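Novice: sequence-free structure coming up:
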């Protein structure tokens, strides 16, 4: 259900993104608005319009609480400024090592917002391709980044830094399962990289305009089809459409959306932008949409929060969607398909790396020699879960099980069917 506080949050978000002064009588329950904004990862974007309303006495919040909101925003922006400087040094080092790369989203999308520094990214996605992958990871290690064990089927490596935060080094644009089952292996980089000014001092390479439009839209769709997506990813997509509407190859973009059965989802996303996010129908491509379907889609965004993190009831939705997708578009048995995709992960699951185990069993930090002890400890805990009925062996060695159902999963399946995404 879409609450008044959620709608007020959407309004303030649209004002912040577009740089428009808010025109509203009064916002009640502003603490609920802040809660929704935090769940959607946009709390900093709503600060400028909220500040304007507060100065007019139009926010239901006391001065001390608003000061806390202000300090949180300023601290976030300061931390993000420091993050960008460390990332800038990393990118310069990648260039010195002659690694061809581009930034996929994040900072390259923040420049589309009226106040770019308020659109804060939780990570930095760097595409290096297969050729530059190992060399890029070596550079990250030299720069003091801690790299997580790489999952066999993953399209990227994940690294962490105390200031730069999370860095994702992509060898492919998407996971193999997503590329094949959802995107039909159609998503190719067809244009040269272009240069984007993040600030006066920071210039980064990015995907070509149409390549970027396709990636941003499919990244938004991918998260929706996994556990859920937030309103920020929708705003990113619509701002990109508006900014580059005269440069995008719309025939290529729409052709891909039609073939992949995502055109109706895009049309209804544009509908949300027109109804709730401050876009005019002249700024975006002309589409048809159903208002009832728009409300269902918006409810899904509201209930799931950014990346669907608000509830565990969405877990496993991507497998149920994949099963339906394969049944409708591929002449393959679903179970065989998933097992073939998951097979490279079996050995790492049975014999996890030291880096993986040390996160769960901190005593491993004392010595790598006690790895066998930690491995036996882990197997013992797994056996307890199996005998107690908490887990099944099949669930541990393969994600193929899709029979678990709850009202959230059923409703989401009905929604993707209504949007003709299968």
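Specialist: Here it is on my side, so go on. These figures come from a predicted structure and were not determined experimentally.
Novice: what residue ranges in the stretch 101-250 of the chain score low on pLDDT?
Specialist: Regions of the stretch 101-250 of the chain meeting the criterion pLDDT under 70 are absent.
Novice: ok, which stretches of it are helices?
Specialist: Along the stretch 101-250 of the chain, the stretches classed as helices by DSSP state H, counting those that start in this stretch are 107-110, 133-142, 176-177, 209-226, 231-243, 250-259.
Novice: Reformat those as a markdown table; add distance to residue 81.
Specialist: Placement of C-beta: from N, CA and C, glycine included. Output for the helices of the stretch 101-250 of the chain, formatted as a markdown table (distance: least, CB to CB, whole Å):
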| stretch | distance to residue 81 |
| --- | --- |
| helix 107-110 | 11 |
| helix 133-142 | 21 |
| helix 176-177 | 36 |
| helix 209-226 | 24 |
| helix 231-243 | 19 |
| helix 250-259 | 33 |
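Novice: how about those helices, which one is nearest residue 161?
Specialist: The closest of the helices of the stretch 101-250 of the chain to residue 161 is helix 133-142. By CB to CB, the value is 8.4 Å.
Novice: which residues sit against that closest one?
Specialist: Applying CB atoms under 8 Å, 6 or more residues apart in numbering, the external contacts of helix 133-142 come out as 90, 93-94, 97, 99, 101, 126, 128, 147, 157, 159, 167, 169, 171.
Novice: what about 10 Å?
Specialist: Residues outside helix 133-142 that contact it (CB atoms under 10 Å, 6 or more residues apart in numbering) are 90, 93-94, 96-101, 126-129, 132, 145-147, 150, 156-157, 159-161, 164, 167, 169-172.
Novice: Of these, just the buried ones, PyMOL syntax please.
Specialist: Command for PyMOL that selects the buried part of those, burial taken from 16 or more other CB atoms under 10 Å:
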select buried, resi 90+94+99+101+126+127+128+129+132+145+147+150+156+157+159+161+164+167+169+170+171+172
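Novice: Ok, which of the helices of the stretch 101-250 of the chain comes nearest residue 296?
Specialist: Proximity to residue 296 (CB to CB) singles out helix 209-226 among the helices of the stretch 101-250 of the chain, at 12.4 Å.
Novice: now the helices: where do they sit in the stretch 301-422 of the chain?
Specialist: Taking DSSP H, counting those that start in this stretch, the helices of the stretch 301-422 of the chain run over residues 317-329, 334-342, 346-350, 354-360, 371-387, 393-397, 407-418.
Novice: Just give me the lowest mean pLDDT stretch among the ones you listed.
Specialist: Ranked by mean pLDDT, the helices of the stretch 301-422 of the chain end with helix 393-397 at the bottom, a mean of 58.
Novice: among the helices of the stretch 301-422 of the chain, which is the most enclosed?
Specialist: helix 317-329 (a mean of 18; mean count of other CB atoms under 10 Å).
Novice: now the angle from that helix to helix 334-342?
Specialist: 120 degrees (axes from the mean of the first three to the mean of the last three CA atoms, to 10 degrees).
Novice: Which parts of this protein belong to which domain?
Specialist: 4-314, 317-403 (automatic domain parsing).
Novice: Now find how far off-centre the last one is within its chain.
Specialist: Averaging C-alpha coordinates over domain 317-403 and over its chain gives two centres that are 23 Å apart (CA atoms, centre = their mean, to the nearest Å).
Novice: again with stretch 207-224
Specialist: Computed by CA atoms, centre = their mean, the chain-centroid distance of stretch 207-224 equals 11 Å.
Novice: so residue 212 makes contact with residue 127?
Specialist: No. Using CB atoms under 10 Å, residue 212 is not in contact with residue 127; the gap is 11.2 Å.
Novice: hey, what's in contact with both of these two?
Specialist: Counting by CB under 10 Å, 6+ apart, the contacts common to residue 212 and residue 127 are 102, 104, 193, 206.
Novice: now, which of these sits nearest residue 327?
Specialist: Closest approach between those and residue 327, by CB to CB: residue 104, at 30.8 Å.
Novice: count of neighbours near the closest one?
Specialist: 21 (other CB atoms under 10 Å).
Novice: Please report how far it lies from residue 204.
Specialist: Per CB to CB, to the nearest Å, residue 104 is found 11 Å from residue 204.
Novice: Mind listing the shared neighbours of these two?
Specialist: In contact with both residue 104 and residue 204: 124, 126, using CB under 10 Å, 6+ apart.
Novice: Could you give the number of residues near residue 333?
Specialist: Burial of residue 333 is recorded as 12 neighbouring residues (other CB under 10 Å).
Novice: Find me the pLDDT at it, would you?
Specialist: 84.
Novice: Over to the one 10 residues further on?
Specialist: Residue 343 is assigned a predicted lDDT (pLDDT) of 73.
Novice: now the strands for the stretch 151-300 of the chain?
Specialist: Per DSSP state E, counting those that start in this stretch, the stretch 151-300 of the chain carries strands over the ranges 156-161, 165-170, 194-197, 203-206.
Novice: Just put these in TSV and tack on distance to residue 300.
Specialist: Supplementary listing: these in TSV, determined by distance: least, CB to CB, whole Å:
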stretch	distance to residue 300
strand 156-161	26
strand 165-170	25
strand 194-197	31
strand 203-206	29
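Novice: and residue 71, which of those is closest to it?
Specialist: Closest to residue 71 of the strands of the stretch 151-300 of the chain is strand 165-170 (CB to CB; 20.3 Å).
Novice: strands paired with the closest one, and their directions?
Specialist: Its sheet considered, strand 165-170 pairs with strand 123-127 (parallel), strand 156-161 (antiparallel) by DSSP bridges.
Novice: Out of the ones you listed, the one nearest residue 250 is which?
Specialist: For the strands paired with strand 165-170, proximity to residue 250 was assessed by CB to CB; strand 123-127 is nearest, at 23.6 Å.
Novice: what angle do the lengthiest helix in the chain and strand 156-161 make?
Specialist: Ranked by residue count and defined by DSSP state H, the top helix of the chain is helix 63-96. With the same axes, to 10 degrees defining the directions, helix 63-96 sits at 120 degrees from strand 156-161.
Novice: still on that earlier bit, winner for burial among the domains of the chain?
Specialist: Using mean count of other CB under 10 Å, domain 4-314 ranks as the most buried of the domains of the chain, with a mean of 18.
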